[in-house]
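Provide a 3D model corresponding to the input given below.
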Amino acid sequence: MKKPLLFFLLSTMLISCGRFNNKDKKEDNEERIVCISKQYSEIIYALNAEENIVAVDVSSSYPPEIKELPTIGYHRALAAEPILSMKPTLILEDNNIGPEHVVDQLKELKIPMKQFGHYESTIAGTDSLITEMGGYFDREKRAKVLTDSLDSQIKLSQEKASQYNEKPKVLIIHFGQANNIYLVMTKNSTAGKLIDWAGGEMAVDGNRGMVQFSPEVVAKSDPDVILLTDFGYDRLGSTESVGTLPGISSTRAFKDGNVYRVEEHDMVYLGPRSGKNIIALQKLIHKDE
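Below is the predicted model of the structure:
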């Protein structure tokens, strides 16, 4: 690494990037973990193992208290400087970070980086991830409580799903912060699995997990229910304003008032609360009491 770049990177270590300009409250901790994975972040907090987490990526938004931590940027558009400013002794990441040259910079500085096992996006895979992380953080008993609870909630949700006679078509719209565009989630996504398990049907198919939002996609989907993830919904400000998106006002879902706000973190990965999230989705798309 060239000396000017090294000097620049090191000089930024006095600067922190905070979601709410938070100051570093863990200056004296021996271990300083920066977690760049919203799935890892939620599991760590569920394990009660967050003591040494000093910063997270901006997409790590659950549980609510995680917002008290400084953030180091969007996981796919990182810069080395905010990460280095947190003086990390360990970086946790799930192989979904970038850009590549920033990852290379971090490796050149020999900051330890760890990934947990790459399990399938299934309930069994989620159980395995929680169990592995519980072992790493010496929280095996807590991990067992979490996996037992997840499995129990999944069983309950499947019992409810078997009672439904119809499968409402669900359109899920997500605002992509990296590209500044609205996207539509497809059957080939984690959200697609959740909707299927909730006794619904995703309105859009596709080889990829998301496709770009367009009036044509909306018209073809003909949804019974529309779900907007939090950031995109909040940009519009109200359910009525959702109708200003191209093609939405003519849908059955909008005309019937079946438009709802959902949290992004509940739709894009599986975690300890996924069983509860499926039950919550059932109440929305089937209008359960």
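
Contacts for the top strand by length along the chain next, please.
As assigned by DSSP state E, the longest strand anywhere in the chain is strand 169-176. With C-beta atoms under 8 Å, 6 or more residues apart in numbering as the test, strand 169-176 has contacts from 181-185, 191, 195, 200-204, 210, 213, 218, 221-229, 231-232, 235, 245, 251, 253, 262, 264, 267-268, 285. (Each C-beta comes from the backbone N, C-alpha and C, glycine too.)

Among those, name the buried ones.
Using 16 or more other C-beta atoms under 10 Å as the burial test, those include 182-185, 191, 195, 200-204, 210, 213, 218, 221, 223-229, 232, 245, 251, 253, 262, 264, 267-268, 285 as buried.

picking that back up, just the buried positions in the longest strand of the chain, please.
169-175.

just those now: which is nearest Ala79?
The closest of the buried residues of strand 169-176 to Ala79 turns out to be Phe175 (C-beta to C-beta; 22.0 Å).

Quick check: nearest residue in space to that closest one, chain neighbours excluded?
Gly232 (3.0 Å; C-beta to C-beta, 6 or more residues apart in numbering).

Relative to Gly271, how far out is that neighbour?
Counting by C-beta to C-beta, to the nearest Å, the gap between Gly232 and Gly271 amounts to 21 Å.

follow-up on the earlier one: name the helices or strands packed onto the helix or strand just after the longest strand of the chain?
The helix or strand immediately downstream of strand 169-176 is strand 181-185, counting by DSSP states H and E. The helices and strands touching strand 181-185, judged by 3 or more C-beta pairs under 8 Å, 6 or more residues apart in numbering; DSSP states H and E, are strand 169-176, strand 210-212, helix 215-221.

What's the mean pLDDT across the second one?
Averaging pLDDT along strand 210-212 yields 94.

residues in contact with Val218?
171, 184, 245-248, 251.

what's the neighbour count on Gln115?
Gln115 sits with 14 neighbouring residues when counted by other C-beta atoms under 10 Å.

Equivalent analysis for Lys287, please.
Counted with other C-beta under 10 Å, the neighbours of Lys287 add up to 10.

Also Glu140?
13.

Skipping its backbone neighbours, what lies nearest it in space?
Glu140's closest residue in space is Gly134 (C-beta to C-beta, 6+ apart), at 5.1 Å.

which residue sits closest to Lys141, ignoring its sequence neighbours?
Here the residue nearest Lys141, using C-beta to C-beta, 6+ apart, is Gly134, at 8.0 Å.

cool, and Val259?
Ile226 (4.6 Å).

roughly how far apart are that neighbour and Glu50?
35 Å.

What of Arg261?
With distances taken as C-beta to C-beta, Arg261 is found 27 Å from Glu50.

quick check, Gly247 in a helix?
No: per DSSP: H, G, I helix; E, B strand; the rest coil, Gly247 lies outside any helix segment and is coil.

mind listing what it touches?
Under the contact definition (C-beta under 8 Å, 6+ apart), the residues listed for Gly247 are 214-219.

repeat for Ser157
Ser157 makes contact with 197-198, 275, 278-279, 282 under the criterion C-beta under 8 Å, 6+ apart.

Of those, which is the most crowded?
Ala198 (26 neighbours).

nearest residue to that residue other than its sequence neighbours?
Leu281 (4.1 Å).

what about the helix or strand Val34 falls within, distance to the chain center?
Secondary structure assigned from DSSP H and E places Val34 in strand 33-36. Put simply, strand 33-36 sits 15 Å off its chain's centre (C-alpha atoms, centre = their mean, to the nearest Å).
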